[in-house]
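> Kindly generate the corresponding structure for this input.
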Amino acid sequence: MGEHLAQATYFMNDMSDRIVWVSAGSGVVSPKNLRRVQSEGLETSYRWDLPDRFLSLQVGYTTSSSRKISADFPGDPTVAKQLVYMPQQTLAVSATGTLGIGAAIVKEVGGSLGYSYSGYRYLTEDNTESLPAHGLVNVGIRSRLTLSQLAIWIKLEVNNIFNEEYQVMLGYPMPLRSFRVTVSLEY
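Take a look at the predicted model:
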């Protein structure tokens with residue numbers, strides 16, 4: 001029942017002269033050239049849509065490894081280590097629903113619920129310190145109204161609904177709970 005779509009992609013990149021941002025102390029980051037880096041991983045996704053998109057469920061998972069494979073000096077302890085600020089695992093799960101109403105003005109209402117997870121990120125090139133993993137929950141509701149030839153889309157979103165404190169780079173906190181109202185006109 002409904003439509004199903006599953007995808008999987010394996011990737012592997014061997015890069016030369018990759019620029020990465022590394023800690024220079026006191027919360028400052030600076031660019032660094034890595035002579036050789038190898039990245040590989042697997043991206044997977046699955047989507048299930050009920051007829052007329054009444055309900056849609058989506059899951060996406062990525063596991064990846066990005067490692068320095070060239071030494072800067074003999075005995076370099078950062079060889080074969082995960083690059084800084086690159087999570088090895090990410091996950092996104094979402095459910096969206098749409099209900100056609102067909103009333104005089106309100107034509108459609110819908111909502112969404114999503115969860116995203118990002119695994120820990122190393123802060124140091126030798127992988128001894130890391131930022132913790134974090135998970136965020138976002139919700140939204142939307143409605144489509146029509147007045148003559150004018151379609152009005154109204155959307156309310158609440159991001160990071162549980163007020164998760166997190167950073168994707170050390171010293172740069174990300175927003176706590178935030179609200180967004182969007183009104184779009186189509187004519």
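> all contacts plus neighbour counts: C-alpha atoms, from now on.
Fine.
> okay, now residue 146: neighbour count?
Here the count is done by other CA atoms under 10 Å, and residue 146 has 19 residues near it.
> Low-confidence regions, this protein specifically.
For the chain, residues meeting the criterion pLDDT under 70 lie at 27.
> all strands for it, in order.
Ranges of strands in the chain, per DSSP state E, are 3-23, 29-49, 55-68, 89-100, 106-118, 121-122, 130-131, 134-147, 150-159, 167-169, 172-173, 178-186.
> which one of these is the most hemmed in?
strand 121-122 (a mean of 24; mean count of other CA atoms under 10 Å).
> Mind listing the strands that one pairs with, and their directions?
Strand 121-122 has its sheet partners listed here by DSSP bridges as strand 130-131 (antiparallel).
> chain center to the partner strand, what's the gap?
Centroid separation for strand 130-131 versus its chain: 17 Å, with CA atoms, centre = their mean, to the nearest Å.
> Not counting that strand itself, show me its contacts.
The set of residues external to strand 130-131 that reach it, using CA atoms under 8 Å, 6 or more residues apart in numbering, is 120, 121, 122, 123, 124, 167, 168, 169, 170.
> Could you find which two of the residues you listed are furthest from each other?
The most widely separated members of the contacts of strand 130-131, counting by CA to CA, are 124 and 167 (15.0 Å).
> for this protein, which residue is closest to the average position?
residue 116 (6.3 Å; CA atoms, centre = their mean).
> CSV please, covering the contacts of strand 130-131 and showing distance to residue 39.
Shown next, in CSV, are the contacts of strand 130-131 (distance: CA to CA, whole Å):
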residue, distance to residue 39
120, 17
121, 15
122, 15
123, 18
124, 18
167, 23
168, 20
169, 20
170, 23
